[in-house]
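1. Fold the following, please.
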Amino acid sequence: MDLNMIWDFFIDQLRKEDGIVDAHVKWSAGIPFIYITSNKEKTDIEYSIKKWSARAMRGKRLHSDTIFFREEKSLYVYRHRFYVPQEKMFCCGNLCVDCVRLRQ
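-> This next block holds a predicted model:
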């Protein structure tokens with residue numbers, strides 16, 4: 001799974017969204033920030049982010065996390081990341097409640 005392809009699809013679809021003038025990602029200290037220039041409401045932008053991140057992750061074992069960072073006039077900045085969920089992949093022998101042997 002290549003996260004660059006997922007990021008490219010996600011950003012391309014955000015750019016095509018009505019009311020969004022521009023969208024791009026900047027990485028700062030290893031953390032991705034989405035910069036969105038738009039004349040839409042903040043709630044509409046967040047809906048678009050959720051919609052296109054869900055479509056970008058479709059069929060893959062990924063999750064996304066979006067946190068509003070700041071706003072300046074028509075520029076909105078969000079911290080957004082795609083990540084693989086952390087879950088146990090093997091039995092450690094400690095009789096854990098969430099043991100992989102107990103999965104259906």
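2. and the closest residue to residue 69 other than its chain neighbours, what does it touch?
-> Nearest residue to residue 69, sequence neighbours excluded (C-beta to C-beta, 6 or more residues apart in numbering): residue 77, at 4.3 Å. Heads up, the C-betas are built off the backbone N, CA and C, glycines and all. Counting by C-beta atoms under 8 Å, 6 or more residues apart in numbering, residue 77 touches 33-36, 68-71.
3. Point me to the helix or strand that includes the residue most central in space within the chain.
-> In the chain, the centroid-proximal residue (C-alpha atoms, centre = their mean) is residue 64; its distance is 3.6 Å. According to DSSP states H and E, residue 64 maps onto strand 63-72.
4. Now the buried members of the contacts of residue 77.
-> 33-34, 36 (16 or more other C-beta atoms under 10 Å).
5. how far away is residue 19 from residue 41?
-> Distance, residue 19 to residue 41, using C-beta to C-beta, to the nearest Å: 9 Å.
6. pLDDT of stretch 82-92, averaged?
-> On average, the pLDDT along stretch 82-92 is 80.
7. so how far is residue 3 from residue 101?
-> For residue 101, the distance to residue 3 (C-beta to C-beta) stands at 31 Å.
8. Settle it for me: which of those two has more neighbours?
-> residue 3 (15 against 8; other C-beta atoms under 10 Å).
9. could you list every residue that touches the more buried one?
-> Neighbour list for residue 3: residue 82 [criterion: C-beta under 8 Å, 6+ apart].
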